[in-house]
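Colleague: Structure for the following, please:
(one chain, ligands or ions: 1)
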Amino acid sequence: MDLKKIISEHETKLKDALKSVDKIEALQDVKAQFVGKKAELSKLMRHMKDLPNEEKPAFGQTINEAKQYFSSLIETRKTEILEERLRQKLAQERIDVTLPAPDFSPGSPHLLRTVIETVEDLFIGMGYLVKEGPEVESDELNFEKLNLPKDHPARDMQDSFYITDDTLLRTHTSPVQVRTMLAYGGKEPVKIICPGKVYRRDDDDATHSHQFMQIEGLVVDTDTSLADLKGTLLAVAQKMFGKDRRIVLRPSYFPFTEPSFEVDVTCSNCDGAGCNMCKQTGYIEILGAGMVHNNVLEAAGYDSTKYQGFAFGIGVERIAMLKYGIDDIRHFYVNDLRFNKQFKGGQS
Ligand code: PHE
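Modeller: Take a look at the predicted model:
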């Protein structure tokens, strides 16, 4: 038997096979066929027993060397296939930097947030603290301690979402006044604003929403007067609507303040002359306010013979609608990006 010749024939066959293989899986088959246990080369080992002893080592060694050589050919092909596969993958995944980039539009603050922050900045500058309270509130803090006992007719002004007999979604931010006064223990002066969401049972339309936002203000001290309230509210009106604005306080009624007022600002469109925007009155109502009722001070632990206070409640949506000419309160809540983007967070 001419072992060298047989090996060289196998080598030729292997090289042919390797040329036509271009997948790792197929290469496994070639490997089994040429160097595996069932390979022709392995089978040749069986002839060893027929050889004289002195020839056996050389015979075995030749076959083993051939197998090693074949294995190295297969490995080389394997590396080539893997490199080719990588090259193809890179070519497929190549990024075309000349393609237009996907549209990336940065967000902007919600307009209501911008209004709140503008008002907060004004008040922080005047030494106020910003306080928050829970939206699920007790009847006691939302109503009773604000001089609105159960069955008080003025409760009808704020139709409520009750959760249990004693808890409800707060109808205004005024309970944060009570919470703060109670926390201050009836001694410390109070100077706070409280922004937040409030809820009322209302049918939603262009000017009503069952959920909206308010900014409450409260000052309690030993020398707080109506003049302080008026000066403070003028600062708010001028900050939001321009430095030429003037305000008027119209007598009104809230159970928690006495006296109480609706506050109107001169129309920024006609400066008080009368136009369509202000329904020819020259004024636009922007908030409710008043001097804190003695009952409210006392219920929160303040001695009403020593302390006085003023309070106000700003409707955030109303201010935003007037300032930015928005005709439907629902625009604030449907989150249509086309609406939100128009205002770029108020920096138009
Ligand atoms: N809480 C009142 C409301 O929601 C507004 C208000 C606050 C009025 C503080 C006077 C003083 O209608």
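Colleague: Can you find which helix in the protein contains the most residues?
Modeller: Assignment by DSSP state H gives helix 56-92 as the longest helix of the chain.
Colleague: name the helices or strands packed onto that helix?
Modeller: helix 3-20, helix 24-35, helix 40-44 (3 or more Cβ pairs under 8 Å, 6 or more residues apart in numbering; DSSP states H and E). (Glycine included, C-beta is placed from N, CA and C.)
Colleague: Out of the ones you listed, flag the one nearest V176.
Modeller: Nearest of the helices and strands packed on helix 56-92 to V176, taken as Cβ to Cβ: helix 24-35 at 69.9 Å.
Colleague: coming back round to it: now the helices and strands packed on helix 56-92 in JSON lines, with mean neighbour count and distance to D204?
Modeller: Conversion of the helices and strands packed on helix 56-92 to JSON lines gives the following (neighbours: other Cβ atoms under 10 Å; distance: least, Cβ to Cβ, whole Å):
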{"stretch": "helix 3-20", "mean neighbour count": "14", "distance to D204": "74"}
{"stretch": "helix 24-35", "mean neighbour count": "16", "distance to D204": "65"}
{"stretch": "helix 40-44", "mean neighbour count": "15", "distance to D204": "85"}
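Colleague: Give me the helices and strands touching the next helix or strand after the longest helix of the chain, please.
Modeller: Next in sequence after helix 56-92, counting helices and strands by DSSP states H and E, comes helix 111-125. Applying 3+ Cβ pairs under 8 Å, 6+ apart, one finds that helix 111-125 contacts strand 129-130, strand 190-199, strand 211-221, helix 226-241, helix 316-324, helix 337-343.
Colleague: To the ligand, which of those lies closest?
Modeller: The minimum distance between the ligand and the helices and strands packed on helix 111-125 falls on strand 211-221, with 5.9 Å, by Cβ to the nearest ligand atom.
Colleague: Tabulate the helices and strands packed on helix 56-92 (TSV), appending mean pLDDT and distance to the ligand.
Modeller: Shown next, in TSV, are the helices and strands packed on helix 56-92 (pLDDT from 0 to 100; distance: least, Cβ to the nearest ligand atom, whole Å):
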stretch	mean pLDDT	distance to the ligand
helix 3-20	91	85
helix 24-35	90	74
helix 40-44	85	94
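Colleague: and the residue in the stretch 51-200 of the chain positioned nearest to the ligand, what pLDDT?
Modeller: Proximity of the stretch 51-200 of the chain to the ligand (Cβ to the nearest ligand atom) peaks at H172, 3.3 Å away. Per-residue pLDDT puts H172 at 97.
Colleague: C267 now?
Modeller: pLDDT, C267: 89.
Colleague: number of nearby residues for it?
Modeller: Burial of C267 is recorded as 23 neighbouring residues (other Cβ atoms under 10 Å).
Colleague: Do I have it right that it meets N276?
Modeller: No: applying Cβ atoms under 8 Å as the test, C267 and N276 come out as separate, 9.8 Å apart.
Colleague: contacting residues for Q214?
Modeller: By Cβ atoms under 8 Å, 6 or more residues apart in numbering, the residues touching Q214 are H172, T173, P195, G196, V198, G313, I314, G315, V316.
Colleague: nearest residue to it other than its sequence neighbours?
Modeller: Leaving aside its sequence neighbours, Q214 sits nearest to T173 (Cβ to Cβ, 6 or more residues apart in numbering; 4.5 Å).
Colleague: what sits against the one you found?
Modeller: G133, C194, P195, G196, V198, Q214, I215, E216, G313.
Colleague: By neighbour count, which of the residues you listed wins?
Modeller: Scoring those on neighbours with other Cβ under 10 Å, the highest-scoring entry is Q214 at 26 neighbours.
Colleague: what bridges to that residue?
Modeller: Q214 has the following beta-bridge partners by DSSP bridges: G196, G315.
Colleague: what's the neighbour count on the closest residue to K306 other than its chain neighbours?
Modeller: What sits nearest to K306 in space, not counting adjacent residues and going by Cβ to Cβ, 6+ apart, is T222, at 5.8 Å. Other residues within reach of T222, judged by other Cβ under 10 Å, total 9.
Colleague: and if you look at the one 4 residues further on?
Modeller: L226 sits with 15 neighbouring residues when counted by other Cβ under 10 Å.
Colleague: what's stretch 126-140 in contact with?
Modeller: The contact list for stretch 126-140, computed with Cβ under 8 Å, 6+ apart, reads 120, 123-124, 150, 163, 165-170, 173, 175-176, 179-180, 191-199, 217, 232, 235.
Colleague: PyMOL command for the buried members of those residues?
Modeller: In PyMOL, this line selects whichever of the contacts of stretch 126-140 come out buried by 16 or more other Cβ atoms under 10 Å:
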select buried, resi 123+168+169+170+173+175+176+179+180+191+192+193+194+195+196+198+199+217+232
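Colleague: Quick check, N340 in contact with R113.
Modeller: No: the pair N340 and R113 fails to qualify as a contact (Cβ under 8 Å) at a distance of 10.7 Å.
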